[in-house]
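Asks: The following block contains a protein sequence and its predicted model.
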Amino acid sequence: DRAVQDRIAPIVYPMLGIQEAPGTPAWRNDFDHAPMAYLSEHVVTGMAVLPAAGYVESLLELATIQCPEANAYSVRDFQIMAPLLLVGDRGLDCVTSYEPVSQTAIIRGLENGRLGGGQMHITARLSGHTNPGSDREDLAAIRGQFDRAEDIRGFYQMLDRMGLSYGPMFQTVRELFVSESSDRILAHIAIASELEKGLDQYCLHPTLLDACFQSLSAMLGESENMYLPTSIREITVFRNSSPQAIWCLGIKTHQDSRFIDCDLVLMDEDGEVVAILRGMRSTAATKRERTDNFGDRVKRQILGYQWN
């Protein structure tokens, strides 16, 4: 019955997936179908990892179900407990459960056909709001506050040297500006044309939000650390359908050797506020891979026997 359901059920919530059974507050998705293949292009230190932005999208989709009268949705106290690896030869379900009294959502990874609690990946709280209308920012005025434009090709090469190797679907930063004090960024982000089909099924497409997180790396300066998103105090999205392109204003509020904290404002092409993130924390992970004088990776070389 489950296999039949997977084949014939329509895709309504691309990240959240299919409800386990009518009336049960649990949804699952194994991401093992063509429309979700782009997720494998999010690679961290050589491994395909479900992006933090993918979890956020799952929770936003869940919020639209739980709060059908709302037109704005909040995810609070978002915590990443462990990464979810996207391994092609291992069947893994991403299971999202919801407790309506506490408004708490939990995302777990569970091997196909296995029973039990599985690995906990995410905890968060959800809510919905009736929003009379989002604010509008003066994009031209904001753009005028930035003098330094980053080379986009060089930016993605820098991320690759850190161990963040994004495929074309996740290389969605089109323009990137950094303030003179390196405590603010402004990024223009647009989804790849290959992913525009079905965009209206998303609240905020993961490749857009992930690019917002990527752009914060431009504020790191000479730091040797790679920072990965681990928590968000609150994100509020003021619509239930993803735009094709956004502008992201990122403001660094704290940085040390272990953490970088930022607030973000996401706007559409007309300056209307799409989403606000407060208290986003990224945590230092592994160091950058060693590079030679030309900036290329230094590969490990192991001697081996060769018989003639």
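Replies: Yep, that arrived. Numbering: from 1, shown residues only.

Asks: So which residues of the stretch 201-308 of the chain form helices?
Replies: Assignment of helices within the stretch 201-308 of the chain using DSSP state H, counting those that start in this stretch yields the ranges 206-215.

Asks: no, scratch that, I was asking about the stretch 51-200 of the chain
Replies: In the stretch 51-200 of the chain, the helices defined using DSSP H, counting those that start in this stretch lie at 52-66, 139-143, 152-162.

Asks: What is the first one packed up against?
Replies: By that I understand helix 52-66. strand 72-80, strand 92-99, strand 104-111, strand 119-129, helix 206-215, strand 225-237 (3 or more C-beta pairs under 8 Å, 6 or more residues apart in numbering; DSSP states H and E). Quick note: C-beta positions are derived from backbone N, CA and C, even for glycine.

Asks: out of the ones you listed, nearest to residue 285?
Replies: Residue 285 lies closest, by C-beta to C-beta, to one member of these: strand 225-237, at 4.9 Å.

Asks: ok, the closest one: who's next to it in the sheet?
Replies: In the sheet containing strand 225-237, the strands it pairs with under DSSP bridges are strand 72-80 (antiparallel), strand 273-287 (antiparallel).

Asks: from those, which stretch is densest packed?
Replies: Of the strands paired with strand 225-237, the one with the most neighbours on average (mean count of other C-beta atoms under 10 Å) is strand 72-80, at a mean of 20.

Asks: For that one, output the C-alpha coordinates as PDB.
Replies: Taking Å, rounded to 0.1, in the frame of the first residue of the first chain, the C-alpha atoms of strand 72-80 are listed here in PDB:
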ATOM      1  CA  ALA A  72       2.000  34.700   7.300                       C
ATOM      2  CA  TYR A  73       3.900  31.900   9.000                       C
ATOM      3  CA  SER A  74       6.600  31.700  11.700                       C
ATOM      4  CA  VAL A  75       9.100  29.100  12.700                       C
ATOM      5  CA  ARG A  76      10.600  29.700  16.100                       C
ATOM      6  CA  ASP A  77      13.300  28.000  18.200                       C
ATOM      7  CA  PHE A  78      14.600  26.200  15.200                       C
ATOM      8  CA  GLN A  79      17.500  23.800  16.200                       C
ATOM      9  CA  ILE A  80      19.500  21.400  14.100                       C
END
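
Asks: relative to helix 52-66, how tilted is that strand?
Replies: In terms of direction (axes from the mean of the first three to the mean of the last three C-alpha atoms, to 10 degrees), strand 72-80 departs from helix 52-66 by 140 degrees.

Asks: Work out the gap between strand 72-80 and the centre of the chain.
Replies: When C-alpha coordinates are averaged (C-alpha atoms, centre = their mean, to the nearest Å), strand 72-80 and its chain have centres 13 Å apart.

Asks: what's the answer for stretch 259-276, then?
Replies: From the chain centre to the centre of stretch 259-276 is a distance of 14 Å (C-alpha atoms, centre = their mean).

Asks: shaky segments in the stretch 51-200 of the chain?
Replies: Within the stretch 51-200 of the chain, the segments meeting pLDDT under 70 span 88-91, 113-116.

Asks: Contact partners for residue 73?
Replies: Under the criterion of C-beta atoms under 8 Å, 6 or more residues apart in numbering, the contact partners of residue 73 comprise 60, 63-64, 67, 126-129, 203, 236-237, 240.
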